[in-house]
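Asks: sequence below, structure please.
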Amino acid sequence: MSAIRFVEIKAAESTEALNTEWVIIENAGKTAFSTRGCGMTVGKRGSNKKSLLGVIDPGFVLEPGTKMRMLTGSPGADKHGAAPSEDDGVKNYFLFLPKAYVGSPGTVLTLVLRGLNVSKAEYDPAAPNGVKA
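Replies: Numbering: from 1, shown residues only. All right, here's what the predicted structure looks like:
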């Protein structure tokens, strides 16, 4: 099991409000992890077909015991809505994606680095924090 894990998946409130859609990843390991060059794929449970959403560049370093909220939208785009407050201690990182990707239950998100899976999670809106157990 990877030390990097998805702890929250939240779908967008509307197709325009991209900053209301995010995933939170956590470093549960003992060493820092750099996301530079990592990509995120999206697919459906039971399907081998996946789409690469993009590469995280320049990325960020996730220190042990810390979390990062990766928002779908852009910080300067008013139509994407306001980003959540960082008062909970989780910093925001914007992915600058053109559209929402979480979508429906059964959506599988995978953080990959050089073709290898780093972490994988399935969206389930009924589960705590949207992550299927």
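
Asks: for the rest of this, base every contact and every neighbour count on C-alpha atoms.
Replies: Noted.

Asks: report the beta-bridge partner residues of residue 62.
Replies: residue 33 (DSSP bridges).

Asks: that one reaches residue 30, doesn't it?
Replies: No. With contact defined as C-alpha atoms under 8 Å, residue 62 does not reach residue 30; the gap is 10.8 Å.

Asks: quick one: contacts for the spatially closest residue to residue 113 that is not a sequence neighbour?
Replies: Leaving aside its sequence neighbours, residue 113 sits nearest to residue 38 (C-alpha to C-alpha, 6 or more residues apart in numbering; 4.5 Å). The contact partners of residue 38, taken as C-alpha atoms under 8 Å, 6 or more residues apart in numbering, are 55, 56, 57, 59, 111, 112, 113, 114.

Asks: give me the phi and psi for the last one.
Replies: With angles defined as degrees, to the nearest 10, residue 114 shows backbone torsions of phi 50, psi 50.

Asks: report how many residues lie close to it.
Replies: For residue 114, the tally of surrounding residues (other C-alpha atoms under 10 Å) stands at 9.

Asks: how close does the closest residue in space to it that isn't next to it in sequence get to residue 29?
Replies: With C-alpha to C-alpha, 6+ apart as the measure, residue 38 is the residue that lies nearest to residue 114, at 7.2 Å, once sequence neighbours are left out. With distances taken as C-alpha to C-alpha, to the nearest Å, residue 38 is found 17 Å from residue 29.
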